[in-house]
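>>> Turn this into a model:
(chains A and B)
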Amino acid sequence: MSQQKDITISVLKFNPRDKESHPKFVEYTLQETPGMTLFIALSKIRQEMDPDLAFDFVCRAGICGSCAMVVNGKPTLACRTLIANYPDGKLQLMPMPAFELIKDLSVNTGKWMDNMSNRVESWIVDNEKEIDITKIEEKMEPKIAEEIFELDRCIECGICVASCGTALMRPNFVGAVGLNRVARFQMDPRDKRTDEDFYDLVGDDDGIFGCMSLLACEDHCPKNLPLQNKIAYMRRKLVSVK
Amino acid sequence: MKITYCDALIIGGGLAGLRASVATQKKGLNTIVLSLVPVKRSHSAAAQGGMQASLANSKMSKGDNEDIHFSDTVKGSDWGCDQEVARMFVHTAPKAIRELSAWGVPWTRVQEGSREAVINAKRTTIVEDKERHGLIMSRDFGGTKKWRTCYTSDATGHTMLFSVANEALKHKVDIRDRKEAISLIHENQRCYGAIVRDLITGELEAYIAKGTCVATGGYGRIYKQTTNAVICEGMGAAIALETGVATLGNMEAVQFHPTPIVPSGILLTEGCRGDGGILRDVDGHRFMPDYEPEKKELASRDVVSRRMIEHIRNGKGVPSAYGDHIWLDISILGREHIEKNLRDVQEICKVFNGIDPADEGPKGWVPVLPMQHYSMGGIRTKKTGESQKLHGLFACGEAACWDMHGFNRLGGNSVSETVVAGMIIGNYFADYCLENDLDIKTQTIEACLNKESDKIDKLLALDGKEDIFAIKNTMQNLMDQKVGIFRDGENLSQAVDELQELLKKTNNITVKSKSRAGNPELEEAYRVPKMLKLALCIAKGAEQRTESRGAHYREDFLKRDDKNWLKRTLTHWANEEDSLPTITYEELDIMNMEMPPAFRGYGAKGMIIENELSAQRQEEVDDIKEKMDDEGKDRHEIQDALMQFDLPMNYREKNERVGE
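Numbers count the residues shown, from 1 in each chain, chains lettered A, B, ... in the order given. Have a look, this model is predicted:
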């Protein structure tokens, strides 16, 4: 653990709902405490210096995906950002691009993700088969369950979207998060959709063919999801759909 | 005035609320779910280790059934639970998990053949049958006779929440996030919806519904040291309390989890110990077998947490800058196991503490200390989930005191309760909404809305010297110190006084920014008084309960007192200007229990003040069992003769199991 030191956190503040508000950086200086994360630092700033500062935290444990923001130019989960990893004690925070700004560091990822989920039909499509829940469940190969889980680990934090060159140029791009969801259901034996069905959902430039393979999504994904691999796989699958 | 009408209003978008929304939507009701945050960010996502359901698929869960799950749950509750509700729960849990499987949860599956496991710190080989290959797998958890906790690595809540949230989207449930219910609309003992604040625009709106269901989770943030997410401030329970009509149940029953990591308080799942992890002291000694020779690290949470503090008090804690702690050692499980089944735990230890728990020896040991984790108390309901006092108000999940947990909840039973209650209560709630009409005047609605709007104006106009953040901090520290794991009359009485003082101080604050929108301090200013009211319910209930039961432990009343305290605490806030809750009690009827009070099988022995009815009922139960056994009746018929219970839909049907 590094020595305790004074740190400076510079935050881009802006309230788009307030006509008098203009985007500006505001600096806060405070003392680092052992094990301090951006969750701890920002909570302290709000309590002691600026009760008006807006940001989003829920689990503060890297599980819920609420707190993604741009820290020194890179999108990341603020709750898992340790101040000690910034030896010069200078952090610049900005809200994630590509999402509607609510205020300061708070962006509307929820709305974006709901749209994405509806668009890729992010659920098991089994043609309304009624299962009898009093009966023993259908078996599944343990290996397949593990592979699905691997992709199901996505927390929809939005970092892949904020990192994405295509998403910045094409506002309707479904993002790595959406393509990962498609890959997840494509491999799930419970889902009865065919490759043609998935093509109908994402077989265009706002979907699988929009990806320019810059792969900042994978570089920044806090869950280390195999996005490169899965996007390439889905593209190979869907390019062959007639 | 903005009014939104719907058939069914659900406040809270975690697992319980979302599952209930699928139930109402499927019955043709126009349903709205309100949530503080995007629903997939709800605290349900943080449930790590798994969900209890007696599927009996894997080797170590063979022979498991509803009866054993029921018995574990009742013992876990220290006989504080409603046994009919516990029966409803254990009977529906297998159906819930099978439904979730169909909805896409990638449950970890049974792999045929042999595998290594660590049991009681020894490597053991377990062989799974070929015929069970591919069925849903389970792991061990505390306070259970069988390995019953089904899981997806250690991200179970996350995969469940995503599946249920997406299922709700599929059924076109109207989900609205960043909306906060700040009061319930009610008239003549009936609830008609809520006054809701938009957390983006600050606008107040009225949501009017035939029925309202609160599923807002627990109130862990009343404490400083808690595993709970920052949104777990108990607002659902608080607005129910503020109706002056609805009651809260067993608020003093607060669970402390043995293994949150120090100092952040982030939870490390019970699965760590379920999978074979052990607790060590300053000397590296595994101390739990000294205290609990039978269940060791896997006694119930209340017992393990107390034993840890007891051991620290005996001078065996590990000193650190944050006070004494205990070590959790999962390195003995091996790297391969950890990287597959305890992945998030490893990630948390690495990111927040710079420790890789898979490293062998002391290097991989992780500092842990018991902290607040779960609220057994909540809105007191009937078996249908409806408030006993306020018609049309339902509650499910952690926000409710439906009461399957009594004074201590078993690990794996809460995430299970969320979906099970969402199914059962969701359907009863839907029936209520189908059977009842709206008969509230817009004048009444307007009056409710104006009242809340005036309150906000008043808060913004306050010009006092107190700071709302400081009041909140004082409350949280106070609850840790005086209403924590070990309690006594003197500290509890001080806590009650100090909390009343703090509640007064909230009238003497200044909110610096005067904006009605995007003003975090304003949010604290209207939430903290509500939190203080809940804290007072906890502290006052704890002060009056002069016994030790489950997680409620009084050092001045060490015994569980079945003679005088086999009752549920009911709390309500009689008048708005009161500074204390009004407390009454609801008796538990031993003569209707399927399992009359007895020793739990763990914790200290000889610490019960017996109720004479316990032995009498036990005799009755034994006679019925013996007689029916002789007549060749099966376990279902015997259970039915001992205590009856009802369920909606087809949930009362038997659960199929391999080889049963």
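
>>> After the longest helix along chain B, which helix or strand is next?
Longest helix in chain B, counting residues (DSSP state H): helix B:520-544. Once the chain leaves helix B:520-544, the next helix or strand it forms, by DSSP states H and E, is strand B:560-561.

>>> Mind listing the strands whatever helix or strand comes next after that next one pairs with, and their directions?
From strand B:560-561 onward toward the C-terminus, using DSSP H and E, the following helix or strand is strand B:567-572. Strand B:567-572 pairs in its sheet with strand B:248-249 (antiparallel), strand B:582-587 (antiparallel), by DSSP bridges.

>>> Looking at the ones you listed, which one is packed in the most?
When the strands paired with strand B:567-572 are scored by mean count of other Cβ atoms under 10 Å in any protein chain shown, the highest mean neighbour count falls to strand B:248-249 (a mean of 28). Where you see a C-beta, it was placed from the backbone N, CA and C, and this is true even at glycine.

>>> Contact partners for whichever residue of the stretch 301-450 of chain B sits closest to chain A?
When you check the stretch 301-450 of chain B against chain A by Cβ to the nearest Cβ, the closest residue turns out to be residue B:351, at 5.0 Å. Counting by Cβ atoms under 8 Å, 6 or more residues apart in numbering or on different chains, residue B:351 makes contact with A:62, A:80, A:82.

>>> could the strands paired with strand B:567-572 be laid out in JSON lines, adding distance to residue B:460?
Converted to JSON lines, those look like this (distance: least, Cβ to Cβ, whole Å):
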{"stretch": "strand B:248-249", "distance to residue B:460": "29"}
{"stretch": "strand B:582-587", "distance to residue B:460": "31"}
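
>>> so can I have TSV of the ones you listed showing mean pLDDT and distance to residue B:191?
Converted to TSV, the strands paired with strand B:567-572 look like this (pLDDT from 0 to 100; distance: least, Cβ to Cβ, whole Å):
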stretch	mean pLDDT	distance to residue B:191
strand B:248-249	98	15
strand B:582-587	98	20
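
>>> what's the angle between the longest helix of chain B and strand B:567-572?
With axes from the mean of the first three to the mean of the last three Cα atoms, to 10 degrees defining the directions, helix B:520-544 sits at 140 degrees from strand B:567-572.

>>> on that earlier part again, identify whichever of the strands paired with strand B:567-572 lies nearest to residue B:565.
strand B:582-587 (8.8 Å; Cβ to Cβ).

>>> Put the alpha carbons of the closest one into CSV.
The C-alpha trace of strand B:582-587 is given here as CSV (Å, rounded to 0.1, in the frame of the first residue of the first chain):
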residue,chain,number,x,y,z
THR,B,582,-45.8,1.4,19.4
ILE,B,583,-45.0,-2.2,20.1
THR,B,584,-47.4,-5.1,20.4
TYR,B,585,-47.0,-8.9,20.1
GLU,B,586,-48.4,-11.8,18.2
GLU,B,587,-48.3,-15.2,19.9
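
>>> need the next SSE after that strand, C-terminal direction.
strand B:608-609.

>>> neighbouring strands for that next one, and are they parallel or not?
Strand B:608-609 has these strand partners (DSSP bridges): strand B:560-561 (parallel).

>>> average pLDDT across the partner strand?
The average pLDDT for strand B:560-561 rounds to 98.

>>> mind checking how far that strand is from the chain centre?
Centroid separation between strand B:560-561 and its chain, computed with Cα atoms, centre = their mean, to the nearest Å, is 23 Å.

>>> Same question for stretch A:229-240.
Taking Cα atoms, centre = their mean, one finds the center of stretch A:229-240 at 21 Å from the center of the full chain.

>>> Can I get that stretch in CSV? Just the C-alpha atoms.
Extracted in CSV, the C-alpha atoms of stretch A:229-240 (Å, rounded to 0.1, in the frame of the first residue of the first chain):
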residue,chain,number,x,y,z
ASN,A,229,-13.8,-14.3,-29.9
LYS,A,230,-17.6,-14.3,-29.6
ILE,A,231,-18.1,-11.4,-32.0
ALA,A,232,-15.9,-13.1,-34.5
TYR,A,233,-17.8,-16.3,-34.0
MET,A,234,-21.2,-14.7,-34.4
ARG,A,235,-20.0,-12.9,-37.5
ARG,A,236,-18.9,-16.1,-39.1
LYS,A,237,-22.2,-17.7,-38.2
LEU,A,238,-24.3,-14.9,-39.6
VAL,A,239,-22.3,-14.1,-42.7
SER,A,240,-23.3,-17.5,-44.0
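
>>> That stretch near chain B at all?
No: using Cβ under 8 Å from any Cβ of the partner chain, stretch A:229-240 stays clear of chain B, coming no nearer than 15.2 Å.

>>> Do you have the helices of chain A handy? List them.
Along chain A, the segments classed as helices by DSSP H run A:38-48, A:109-119, A:142-152, A:159-162, A:165-169, A:175-186, A:195-202, A:216-220, A:227-239.

>>> Redo those helices as a markdown table? Include distance to residue B:248.
A markdown table is the format used below for these (distance: least, Cβ to Cβ, whole Å):
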| stretch | distance to residue B:248 |
| --- | --- |
| helix A:38-48 | 28 |
| helix A:109-119 | 30 |
| helix A:142-152 | 36 |
| helix A:159-162 | 40 |
| helix A:165-169 | 46 |
| helix A:175-186 | 40 |
| helix A:195-202 | 46 |
| helix A:216-220 | 44 |
| helix A:227-239 | 46 |
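
>>> And those helices: which comes nearest residue B:339?
helix A:142-152 (12.1 Å).

>>> quick one: buried residues of the closest one?
A:142, A:145, A:146, A:148, A:149, A:150, A:151, A:152 (16 or more other Cβ atoms under 10 Å in any protein chain shown).

>>> got a list of contacts for that helix?
The contact list for helix A:142-152 (Cβ under 8 Å, 6+ apart) reads A:180-181, A:183-184, A:187-189, A:225-226, A:230, B:106-111, B:133-134, B:137, B:152-153, B:155, B:158-159, B:162.
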